[in-house]
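Novice: need a 3D model of the sequence below.
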Amino acid sequence: MVVMDDDPSLLTIGELARASGLSISALRFYDRQGVLTPTTVDPSSGYRWYAPEQVDDAQLLAALRRVGLPVAESATVVARREPDVTQRVLDHHLKDLEDGLAAARTEVSRIRSRWVEPHDMGGVGPSAATGTSGPTVLRIQATDLLTGLSTVRHAVGDDPDMPSIHGVFMVGISSGDHEVLRLAASDRSRAAFTEVPAQVEGRLRALLPTTVVDAVLAAGPQLEGTVEITFVQGEVRIASRSGIVLCEPAPEAAFPDLSHAIPKANSTATVLPENLVAYLTERGISVNPDFVLDAVDALAIANADAQVEGTLQLRLDLDGPSEPLAIRRAGAPGTFVVVLPIRPEPQL
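Specialist: Residues are numbered from 1 along each chain as shown. Purely as a prediction, here's the structure:
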């Protein structure tokens with residue numbers, strides 16, 4: 001075993017694994033994800049060394065892992081260490097677990113009614129087009145749907161360990177005469193949000209799979225008038241007046257709570273797109289430049305499709321150089337992109 005002569009108090013990855021309950025492979029994974037990075041890494045051997053105070057972080061990660069909290073939310077809890085943030089993340093996770101259990105019970109009842117009980121009673125089960133609960137139906141103008149999906153598509157994730165981010169999350173909001181469809185997407189390093197007008201019948205909190213999102217965008221020029229999206233019995237069906245019809249499985253997955261990653265806007269600024277990178281650089285805010293360009297392009301699409309006259313102006317919400325950055329289309333607070341900062345690599 002290699003010993004760090006300059007600081008014998010440091011822990012090897014094996015020692016941290018035993019102290020925390022996390023496996024060595026899990027600790028390596030959290031290192032790659034930037035969630036729990038070693039204090040130092042031996043440049044010749046690649047051995048990882050951790051400080052004693054990191055044991056508590058590792059034990060917290062182990063506890064969060066046991067309750068199934070996604071990596072992105074676990075990273076936020078460990079990095080922020082703020083009781084109100086932790087409470088909000090845990091409450092949302094429990095709600096998702098409860099919703100998932102309720103959905104599972106409904107699906108089990110449907111399975112029993114179609115494939116189990118009919119055999120017991122000698123009867124015939126209901127057809128695949130019917131069920132014990134009515135479908136959720138979303139009606140939206142094709143132009144609004146295309147605008148919304150185009151605005152958030154760049155942030156859709158593809159992490160194989162998180163199927164809940166493989167698509168665009170849709171939430172129907174109805175308050176009096178105000179009916180909108182909220183769309184969100186995230187790849188764990190950034191998130192995009194927007195709102196478009198729509199009519200929703202039923203409760204809508206569903207993930208539109210990436211394959212469906214891309215098929216709708218590809219069919220864009222052919223979509224006309226009102227598009228009807230129906231969620232029923234584990235499927236999502238899309239139909240338009242022009243005859244474009246899609247039918248795909250609708251995954252049962254809990255989209256992560258992103259509210260804790262939205263800046264509180266301790267400071268704001270309005271800039272033009274061409275000045276954005278320079279503005280961030282001058283203030284020591286390090287973010288992925290490709291993410292910034294993607295955000296500008298998406299917000300420009302929303303700006304053009306909303307028929308806003310004049311030059312696109314961006315509103316930046318910042319809490320500090322090491323906190324998430326929100327890039328909004330000025331005048332449309334419901335359409336914005338959140339980008340996580342690039343954290344410096346630990347010094348060897």
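
Novice: specify the beta-bridge partners of the residue nearest the centre of the chain.
Specialist: Centroid check for the chain by Cα atoms, centre = their mean gives Ser186 as the closest residue, at 3.5 Å. Counting by DSSP bridges, Ser186 is bridged to Ala191.

Novice: for the stretch 1-150 of the chain, give me the ranges with low pLDDT.
Specialist: Along the stretch 1-150 of the chain, segments meeting pLDDT under 70 span 1-6, 109-110, 112-134.

Novice: and Ser44, how many residues sit next to it?
Specialist: 7 (other Cβ atoms under 10 Å). Bear in mind the C-beta positions are built from the backbone N, C-alpha and C, glycine included.

Novice: and it, helix, strand or coil?
Specialist: Classification of Ser44 using DSSP: H, G, I helix; E, B strand; the rest coil returns coil.

Novice: how far away is it from Val55?
Specialist: 26 Å (Cβ to Cβ, to the nearest Å).

Novice: quick one on the thing from earlier: show the pLDDT at the residue nearest to the centre of the chain.
Specialist: Per-residue pLDDT puts Ser186 at 92.

Novice: contacting residues for it?
Specialist: Going by Cβ atoms under 8 Å, 6 or more residues apart in numbering, Ser186 touches Ala72, Ala155, Val156, Gly157, Ile165, Ala192, Pro256, Leu258.

Novice: what distance do you get for it to Pro256?
Specialist: 7 Å.

Novice: do Pro43 as well
Specialist: Distance from Pro43 to Pro256, by Cβ to Cβ: 35 Å.

Novice: more crowded one of those two?
Specialist: Higher neighbour count among Pro43 and Pro256: Pro256, with 27 against 8, using other Cβ under 10 Å.

Novice: against Ala72, how distant is the more buried one?
Specialist: From Pro256 across to Ala72, the span is 6 Å (Cβ to Cβ).

Novice: need the overlap of contacts for Ser186 and Pro256.
Specialist: Common contacts of Ser186 and Pro256 (Cβ under 8 Å, 6+ apart): Ala72, Ile165.

Novice: ok, the residue nearest to the centre of the chain to Val200 distance?
Specialist: 22 Å.

Novice: got it, and Met170?
Specialist: Distance, Met170 to Val200, by Cβ to Cβ: 9 Å.

Novice: any common contacting residues for these two?
Specialist: Leu138, Leu181.

Novice: among these two, which residue is more densely surrounded?
Specialist: Neighbours were counted for Met170 and for Val200 using other Cβ under 10 Å; Met170 has more, 25 against 20.

Novice: give me the nearest residue to Leu258, chain neighbours excluded.
Specialist: Closest residue to Leu258 apart from its sequence neighbours, by Cβ to Cβ, 6 or more residues apart in numbering: Ala191 at 5.1 Å.

Novice: residues contacting the one you found?
Specialist: Taking Cβ under 8 Å, 6+ apart, we find Ala191 in contact with Ala155, Ala184, Ala185, Leu258, Ala261, Val337, Val338.

Novice: ends of stretch 19-37, how far apart?
Specialist: Terminal residues of stretch 19-37 lie 16 Å apart, using Cα to Cα, to the nearest Å.

Novice: contacts for that stretch?
Specialist: In contact with stretch 19-37 (Cβ under 8 Å, 6+ apart) are residues 11, 13-14, 16-17, 38, 48, 54-55, 57-59, 61-62, 65, 71, 74-75, 78-79, 343, 346.

Novice: in helices, which of those residues appear?
Specialist: 13-14, 16-17, 54-55, 57-59, 61-62, 65, 71, 74-75, 78-79 (DSSP state H).

Novice: just the buried residues out of these, in PyMOL syntax.
Specialist: For the buried members of these, the matching PyMOL selection, counting by 16 or more other Cβ atoms under 10 Å, is:
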select buried, resi 13+16+17+54+57+58+61+62+65+71+74+75+78+79
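
Novice: tell me which element Ala206 falls in.
Specialist: For Ala206, the host element (DSSP states H and E) is strand 205-209.

Novice: go on, Ala269?
Specialist: Using DSSP H and E, Ala269 falls in strand 267-271.

Novice: now the strands: where do they sit in the stretch 1-150 of the chain?
Specialist: For the stretch 1-150 of the chain, the strands defined by DSSP state E, counting those that start in this stretch occupy 11-12, 40-41, 48-50, 136-141.
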